[in-house]
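A.B. asks: Have a look at this prediction, sequence included:
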Amino acid sequence: CSGCKLHADCDDANPCTVDTCAADSGICGHAAGPQGVACDDGSKCSAGDQCAGGKCVGIHGEVALQAGISKAGQADGPGPAASFNGPTGMVFDPKGQLFIADTDNNRIRLLTNWGQVLRIAGFTKGFADGHFNSARFSAPRDLAVGPDGTLVIVDTGNSRIRRFRYGWEDQVSTVAGDAKAGFADGIGANALFNAPGGIVADGSGRFFVADTGNNRVRVIAPGWKVSTLAGSGVSGADDGPGGQASFKAPAGIDLDSKGFLWLADSGNGRIRRISTKDGSTATVAGGAADPGSGPAPLVPMDIAVGADGWLYIADTGHNGLLRMSEAGHRAVLSKSALQGGADGALWLALWDTPAAVAVASDGAVWLSESGGHRIRRVAAVASVCGDGKGCTGDHCDPKTGDCAWGAVVQQSCDDGDASTSDWCDKATGSCAHK
């Protein structure tokens, strides 16, 4: 534009630029405006559109690597140059820092807000309390941050619960569990666990633990008093009152704003809802009489509750990520028959053994990959398209905002029956079995 007299003469209809008219030359200028201003990128499939670098950028659910080089290692440093070995559980603290259970390295790692990976506790496999540099863990699998900032660690291989006040104290201590695996309620070392898996904290200082080997859900009250909330100890899939309910290798666990626990009952291929008041348990997804709808979780390893009420499931059986409503209605956000680390569009991303999931304050979903030795981020998902057919590439059409199902893509149709041949029927987009 030229020959302008007023700034208004230079309006380029872009809400993300600052339009000015140079008084001496009459030439328009268009500089990038403030970051974070709300805008509309024109795509009906995006959400949370904001100005960035003079352009309107929407969130479409893209996958991006945050840390890990896709090979096992122990290196600290900038995220994409750091290395892990079978990372599993993750938890954000109020500052937005991500704590990671680096399981096969027997270490606790931190991904800072500025993208650096640091070892904050653990050295070699074993058991030892004391200074964080000399403390030892055995296959830690999950972590939780208490209301006072205390980091509580599930030391799975040692069947213990450990405590570390990162940033305040330099000591790691054991708060529950003893040298042997077993089952016993009690205080501190008088309580026994059996290869516990997941943990979550509530706002009152309690911690809820998926006691995997005991097929129970335990609660740790202030003072490190351990009791059983749900589970008879028998491997099974019974719903009902806390003491009558049964589980099979329960793994990940999270807590919603209504006071319900959500449990990835891995061995049963189910998602269970548990009352924190009395332990009463109900199946919400999976099982022969699946009460929900959509693709059922196959081997759910972890579950996380988003601020918007959606539940996100790291489903190793689908080698990807599911999203589910509280009523059990589900959609596959991403899955891959082939193992890999391809980033980009959510429905085309490749994964390698997703092990845990965490939701950040901005709605982004983070996954750890125990097989890929990576930490990856999925931008907040606006539209979910899933037609329930295992062979189609389901995605959102940005022009219409409607779901589209594109060409047949290579996906796994394995029905778990060794006596059948399984393949994608290109005519229907569905799996076929004969």
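C.D. replies: Everything's here; your move.

A.B. asks: Next one: A23 from H30, what distance?
C.D. replies: 16 Å (C-beta to C-beta, to the nearest Å). Glycine gets a C-beta too; all of them are placed from N, C-alpha and C.

A.B. asks: More neighbours: these two, which one.
C.D. replies: H30 (16 against 11; other C-beta atoms under 10 Å).

A.B. asks: Need the residue closest to the centroid of the chain.
C.D. replies: V357 (1.2 Å; C-alpha atoms, centre = their mean).

A.B. asks: ok, T420 - how many residues close by?
C.D. replies: With other C-beta under 10 Å as criterion, T420 counts 13.

A.B. asks: ok, it - contacts?
C.D. replies: Contact analysis of T420 by C-beta atoms under 8 Å, 6 or more residues apart in numbering lists 433-434.

A.B. asks: Report the separation between it and K434.
C.D. replies: 6 Å.

A.B. asks: Need the CA coordinates for stretch 318-333. CSV is fine.
C.D. replies: Presented in CSV, the C-alpha positions along stretch 318-333 are these (Å, rounded to 0.1, in the frame of the first residue of the first chain):
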residue,chain,number,x,y,z
HIS,A,318,-3.3,-49.5,20.5
ASN,A,319,0.2,-48.0,20.6
GLY,A,320,-1.3,-44.6,20.9
LEU,A,321,-3.6,-42.2,22.7
LEU,A,322,-7.4,-42.4,23.5
ARG,A,323,-9.7,-39.7,24.7
MET,A,324,-12.8,-40.6,26.7
SER,A,325,-15.7,-38.8,28.3
GLU,A,326,-16.8,-39.5,31.9
ALA,A,327,-19.6,-41.6,30.5
GLY,A,328,-17.1,-43.9,28.7
HIS,A,329,-17.5,-42.6,25.1
ARG,A,330,-14.2,-42.9,23.4
ALA,A,331,-12.2,-41.9,20.3
VAL,A,332,-8.7,-42.9,19.2
LEU,A,333,-6.7,-39.7,18.9
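
A.B. asks: next one: that stretch to chain centre, how far?
C.D. replies: 12 Å (C-alpha atoms, centre = their mean, to the nearest Å).

A.B. asks: got it, and stretch 270-286?
C.D. replies: 19 Å.

A.B. asks: Repeat that for stretch 299-319.
C.D. replies: 6 Å.

A.B. asks: start to end distance for that stretch?
C.D. replies: 9 Å (C-alpha to C-alpha, to the nearest Å).

A.B. asks: quick revisit: V305 is in contact with the residue nearest to the centre of the chain, correct?
C.D. replies: No. Here V357 does not reach V305: they are 10.1 Å apart, not a contact under C-beta atoms under 8 Å.

A.B. asks: what residues are shared contacts of the two?
C.D. replies: With C-beta under 8 Å, 6+ apart as the test, V357 and V305 both reach Y312.

A.B. asks: Over to A191: give its phi and psi.
C.D. replies: For A191, the backbone dihedrals (degrees, to the nearest 10) come out as phi -90, psi 150.

A.B. asks: ok, and the closest non-adjacent residue to it?
C.D. replies: V226 (3.6 Å; C-beta to C-beta, 6 or more residues apart in numbering).

A.B. asks: does the one you found have beta-bridge partners, and which?
C.D. replies: G186, I220 (DSSP bridges).

A.B. asks: list the contacts for it?
C.D. replies: V226 sits in contact with 176, 185-187, 191, 218-220, where contact means C-beta under 8 Å, 6+ apart.

A.B. asks: can we see that at 10 Å?
C.D. replies: Residues in contact with V226 (C-beta atoms under 10 Å, 6 or more residues apart in numbering) are 161, 175-177, 184-188, 190-193, 207, 209, 211, 218-220.

A.B. asks: just G115 next, same as before
C.D. replies: 66-67, 77-80, 82.

A.B. asks: Looking at those, which two lie furthest apart in space?
C.D. replies: Based on C-beta to C-beta, the longest span within the contacts of G115 runs between Q66 and G77 and measures 13.2 Å.
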